[in-house]
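> Below are the sequence and a predicted model for it; my questions follow.
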Amino acid sequence: MTTMEYDVIVIGAGPVGENVADRVVRGGLTAAVVERELVGGECSYWACMPTKALLRSASALRAARQLPGAREAVTGNLDAAAVLARRDSFASHWEDDGQVSWLESAGIALHRGQGRISSARVVEVTGADGVTTRLTARHAVVVATGSSALLPDIPGLREAAAWSSREAASARSVPRRLAIIGGGVVAAEMATAFAALGSSVTVLARDGVLPSAEPFAGELVTDSLREAGVSVRLGAEAVAVRRDDSGTVRIETAAGDGIEADEVLVAVGRTPNTQDIGLDRIGLAPGAWLAVDDTLRVAGGGEWLYAAGDVNRRVLLTHQGKYQARAVGDVIVARATGATVEDGRWGRHVATADERAVPQVVFTDPEVASVGLTAAAAEAAGLRTRVVDYDLGAVAGSTLHADGYRGHARMVVDEDRKVIVGLTLAGPDVAELIHAATIAIVGEVPLDRLWHAVPAYPTVSEVWLRLLEAYGR
Ligand SMILES: Cc1cc2nc3c(=O)[nH]c(=O)nc-3n(C[C@H](O)[C@H](O)[C@H](O)COP(=O)(O)OP(=O)(O)OC[C@H]3O[C@@H](n4cnc5c(N)ncnc54)[C@H](O)[C@@H]3O)c2cc1C
Ligand SMILES: NC(=O)c1ccc[n+]([C@@H]2O[C@H](COP(=O)([O-])OP(=O)(O)OC[C@H]3O[C@@H](n4cnc5c(N)ncnc54)[C@H](O)[C@@H]3O)[C@@H](O)[C@H]2O)c1
């Protein structure tokens, strides 16, 4: 068996693994990434990029239709084939040569195949040809293997060839009828996308729509899905699924209803890609999420083992995973070179923003942009809070932005420290507004000082002033 040695070995070349490797190479170490599918991972080919491409054209069309003058210029409907073609290009036609070239230019070695840890600091890579190469790491092994769609234990689901988010994101055509099991982020975004593309969509949202967001966000998205013709069944639970000989899928609910569809998408969360990566060889449980400390070192895994991105379950988002990648890359370099490790709160080598300052944008209609804690999460965390709500449609900038602009804003204030701990905006085009709130939360900017951060007139950002006025000085 061929053996090769590097300073750092990263298993998984998704957005997180690529960034870990880049960071350690920039720090002067050598690095190899191991990838069994496409360099770029879930995000590039089956998640963030293709799904946002599926949503964007419909969003632009909606925006034009909300404006007299522009509305009259829109003469047709969404061209589904053109949307799918644009999506194909954003998924790089499911080819990774562009990302492989980037790895080469960054000085990162690539080993294609399934990576498995065989002992401390040793990873064996089995390629498609069955040939195994042994890689040894002088300093660290980083698990960045990501996650896969969870298939719940509903009888008949597997046999019915249910779609996961992968099949939805890479769909070759638009099903006439699409049923979706789940009400979270994937379900809400894909219901929005496929309804706009022409599917007749039914959502079985057992636990509600966007249940982890502020309640008003889920309510606004539910209303708009229903206006778009989607059947949103709150509280409905699928208990059996069957595809008949004609290809029709029949879903039975706990309440005894039957729903027919041409495809069924299951979107009920994720499971870690740790089943077959050799965890049993080092005393860890295969198939489990990998718990890590703030420097991303795996609990019980030895000082050489780290895990970053989805696989450690801290936050299942690309931008947070890449933030972890920068921290873990830098801390590996620091430990390898004997430099000081800055692992205090907000230190260079920790991912503490994961705790309380995570931004997320859900690209539904309306968009839901949030950062930090919801009112309920802040209360559960024991904070003494005050919640301030404001009608986003009443801001001058919003009325200009679109006729009939509908939206809502909520600010959660920690009353003991007089700082914002959470902010949620739901409304058309709010995605680009959320970073101001992230800065306010991470910077722990006191409300008294925020009064001096004056939003420009007439923008939607004036909601900041309105929220402060509603809070009072
Ligand atoms: C439908 C959908 C839409 C999403 N949209 C967004 C969004 O808009 N914004 C956002 O921030 N996040 C979004 N996410 C989440 C985002 O996709 C993930 O957080 C992100 O991909 C995690 O990156 P990662 O590198 O940790 O894992 P992954 O992207 O899953 O990459 C892991 C890589 O490791 C490889 N691998 C696994 N095991 C092995 C092994 N043993 N050997 C070799 N290679 C291996 C895999 O093939 C894969 O390439 C979305 C997720 C889904 C499902
Ligand atoms: N725009 C974005 O940022 C974006 C978009 C898509 C996905 N993502 C990421 O991908 C991850 C996965 O998304 P997801 O939507 O699969 O998970 P999710 O955790 O957002 O939602 C899953 C939903 O399914 C429900 N559920 C669980 N088991 C169920 C069952 N047996 N039957 C019916 N409902 C059930 C849960 O209550 C939950 O509401 C998310 O954590 C998210 O971070 C992000």
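Yep, it's here. Ligands and ions are numbered 1, 2, ... in the order given.
> How confident was the prediction at Met1?
Each residue has a pLDDT score; the one for Met1 is 87.
> Let me fix that, I meant to ask about Glu72.
Confidence score, pLDDT, at Glu72: 97.
> Which secondary structure state does it sit in?
Following DSSP: H, G, I helix; E, B strand; the rest coil, Glu72 is assigned to helix.
> what's the spacing between it and ligand 1?
With distances taken as CB to the nearest ligand atom, to the nearest Å, Glu72 is found 33 Å from ligand 1. Where you see a C-beta, it was placed from the backbone N, CA and C, and this is true even at glycine.
> Verify the stated contact: Glu35 with Gly12.
Yes: at 6.8 Å, Glu35 counts as touching Gly12 under the criterion of CB atoms under 8 Å.
> Single out the residue in the stretch 151-300 of the chain that lies closest to ligand 1.
Distance from ligand 1 to each residue of the stretch 151-300 of the chain (CB to the nearest ligand atom) is smallest for Ser165, at 3.6 Å.
> Assess the claim that that residue and Leu265 are in contact.
Yes: if you go by CB under 8 Å, Ser165 and Leu265 touch, sitting 7.5 Å apart.
> Quick one: distance of stretch 98-105 to the chain centre.
Distance, stretch centre to chain centre, for stretch 98-105: 24 Å (CA atoms, centre = their mean, to the nearest Å).
> swap in stretch 201-208?
Using CA atoms, centre = their mean, the offset of stretch 201-208 from its chain centre is 20 Å.
> Contact partners for the residue of the stretch 151-300 of the chain closest to ligand 1?
Applying CB atoms under 8 Å, 6 or more residues apart in numbering to Ser165 gives the contacts 46-47, 51, 149, 186, 190, 265, 267.
> I'd guessed Asp343 sits against Thr295; true?
Yes: assessed by CB under 8 Å, Asp343 is found in contact with Thr295 at 5.4 Å.
> Now do the shared contacts for those two.
Shared contacts of Asp343 and Thr295, defined by CB under 8 Å, 6+ apart, comprise 331, 349-350.
> Okay, and which of those map to helices?
If you go by DSSP state H, these have Val331 in helices.
> got CSV for the shared contacts of Asp343 and Thr295, with pLDDT and distance to ligand 1 too?
Converted to CSV, the shared contacts of Asp343 and Thr295 look like this (pLDDT from 0 to 100; distance: CB to the nearest ligand atom, whole Å):
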residue, pLDDT, distance to ligand 1
Val331, 98, 17
His349, 98, 19
Val350, 97, 18
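> Among the shared contacts of Asp343 and Thr295, name the buried ones.
Buried members of the shared contacts of Asp343 and Thr295, counted by 16 or more other CB atoms under 10 Å: 331, 349-350.
> give me the element Leu55 is part of.
helix 48-65 (DSSP states H and E).
> That helix and ligand 1, any residue contact?
Yes: Helix 48-65 is in contact with ligand 1 by CB under 6 Å from any ligand atom, via 48, 51-52.
> Tell me the buried residues in that helix?
Buried residues in helix 48-65, counted by 16+ other CB under 10 Å: 48-59, 61-62.
> Just the closest residue of the stretch 51-200 of the chain to ligand 2, please.
Nearest residue of the stretch 51-200 of the chain to ligand 2, counting by CB to the nearest ligand atom: Gly184, 1.9 Å away.
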